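**Student:** coordinates for the following, if possible.
(one chain, ligands or ions: 1)
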Amino acid sequence: MEIKNVLIVGTGTLGSQIGFQCAMHGFRTTMYDMKAESLEAAKQRHQQIGEAVKADIGKTDAEVAAAHANLSYTTDLEAAASDCDLVSESVPEDPEIKRGVFAQLHAVCQEHTIFTSNSSTLLPSEIADGTGRPERFLALHFANQIWVANIGEVMKHPGTDPAVFERVVKFAAEIGMVPIKIEKEWSGYVLNALLVPLLGAAQTLLAHGIATVEDVDRTWMISTGAPMGPCATLDIVGLQTAFAISDHWAQKTGDKQMRMNADFLKANYLDHGKLGVNTGEGFYTYPDPAYRRPDFLT
Ligand code: NAD
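**Tutor:** Now for the predicted structure:
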């Protein structure tokens, strides 16, 4: 199973990063989004990621230029899909949106094309029968700031062809990830099984007015030595994605606290256009958030 051409579907926060990572490792990478403005934002993010990989992991100007040369951008799905070998999907965390996108892709991709989802918490089996090719579908999940947080969690559903699973494990390594193989479905893989409850607990403390944003993060940072707390992490994740996760699981499980947390994010942040780092404001304001100031922990 040769993989040369990669198609990124959904070029928001994570899609942008995954696309650049694939391009930086020599794959011809097409960025597709239904919204032209999302593609424009991805182009700008690619300039920023180009600078970040030089500063953070010592990439050269020539390597960054080569990555840019491997990238193309389009809102034409049919053209984008015609020669791709692997799809990495990063559309919103909603099973119906994802199923719809994969159904569209199945109609226009070649038979051999492998479909992967970067869903944070959905099970591949919730999406698989909507893909038209469940045996070639599985999850390949990345962490935010993928060029440094280089974990690639590969999770199959019961119908995934084992050879496709192994090929995607190999692909994850080929794009510089440390592959984590998960052969039994589990919501959140390893990373989000640990992280999502922490981020949810921070939302719960805020929604009940128990602690301020700063005190939630200060407590976590001082106690664990972590460079940032859960509220700063939520700003990097993007509050629209944090909302989508709480909202989906509140609907699915009837969990009242998750409902309260989703409503809290919507009323206090989403409805005011405060989505986190990407919009310049979330729990903190950017580019100089308070938690990075020297006196924050005193
Ligand atoms: P985002 O909101 O930043 O981007 C989503 C993109 O999908 C937008 O550009 C939007 O225009 C596009 N889109 C929406 N519907 C579409 C459609 N039908 N066809 C094509 N494009 C469409 O979201 P994100 O934070 O990048 O999250 C995307 C996925 O990645 C989610 O499943 C999320 O759970 C997962 N994820 C996010 C993070 C994170 O830290 N943000 C980390 C790992 C995984």
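**Student:** for the rest of this, base every contact and every neighbour count on C-alpha atoms.
**Tutor:** OK.
**Student:** the longest helix belonging to the chain vs the ligand: in contact?
**Tutor:** Assignment by DSSP state H gives helix 36-57 as the longest helix of the chain. Yes. Using C-alpha under 6 Å from any ligand atom, helix 36-57 reaches the ligand at Ser38.
**Student:** ditto for stretch 264-284
**Tutor:** No. Using C-alpha under 6 Å from any ligand atom, stretch 264-284 never reaches the ligand; the gap is at least 8.4 Å.
**Student:** stretch 114-129: end-to-end distance?
**Tutor:** Length of stretch 114-129, first residue to last, C-alpha to C-alpha, to the nearest Å: 14 Å.
**Student:** need the residues of the stretch 1-150 of the chain near the ligand, please.
**Tutor:** Going by C-alpha under 6 Å from any ligand atom, the residues of the stretch 1-150 of the chain near the ligand are 9-15, 33-35, 38, 90-93, 101, 118-120, 142-144.
**Student:** out of those, which are buried?
**Tutor:** 9-15, 33, 38, 90-93, 101, 118-120, 142-144 (16 or more other C-alpha atoms under 10 Å).
**Student:** now, the residues of the stretch 1-150 of the chain next to the ligand that are in strands?
**Tutor:** Val9, Phe142 (DSSP state E).
**Student:** looking at the residues of the stretch 1-150 of the chain next to the ligand, which are in helices?
**Tutor:** Thr13, Leu14, Gly15, Ser38, Val101.
**Student:** tell me the contacts of the closest residue in space to Ile114 that isn't next to it in sequence?
**Tutor:** Leaving out its chain neighbours, the residue that sits closest to Ile114 by C-alpha to C-alpha, 6 or more residues apart in numbering is Leu86, at 4.7 Å. Residues in contact with Leu86 (C-alpha atoms under 8 Å, 6 or more residues apart in numbering) are Ile3, Asn5, Val6, Leu7, Thr113, Ile114, Phe115, Thr116.
**Student:** mind doing that once more with 6 Å?
**Tutor:** Going by C-alpha atoms under 6 Å, 6 or more residues apart in numbering, Leu86 touches Val6, Thr113, Ile114, Phe115.
**Student:** for the third one, give its distance to His68.
**Tutor:** Ile114 sits 24 Å away from His68, going by C-alpha to C-alpha.
**Student:** so which of those two has more stuff around it?
**Tutor:** For Ile114 versus His68, the count of surrounding residues by other C-alpha atoms under 10 Å is larger for Ile114: 25 against 19.
**Student:** for that one, give me phi and psi.
**Tutor:** phi -90, psi 140 (degrees, to the nearest 10).
**Student:** thought it was touching Arg136?
**Tutor:** Yes. Counting by C-alpha atoms under 6 Å, Ile114 touches Arg136, with 5.2 Å between them.
**Student:** work out for me the element Leu199 sits within.
**Tutor:** Element membership of Leu199, judged by DSSP states H and E, is helix 191-207.
**Student:** that helix: how far from the chain's middle?
**Tutor:** 17 Å (C-alpha atoms, centre = their mean, to the nearest Å).
**Student:** and that helix, what does it pack against?
**Tutor:** Contact partners of helix 191-207 among helices and strands, from 3 or more C-alpha pairs under 6 Å, 6 or more residues apart in numbering; DSSP states H and E: none.
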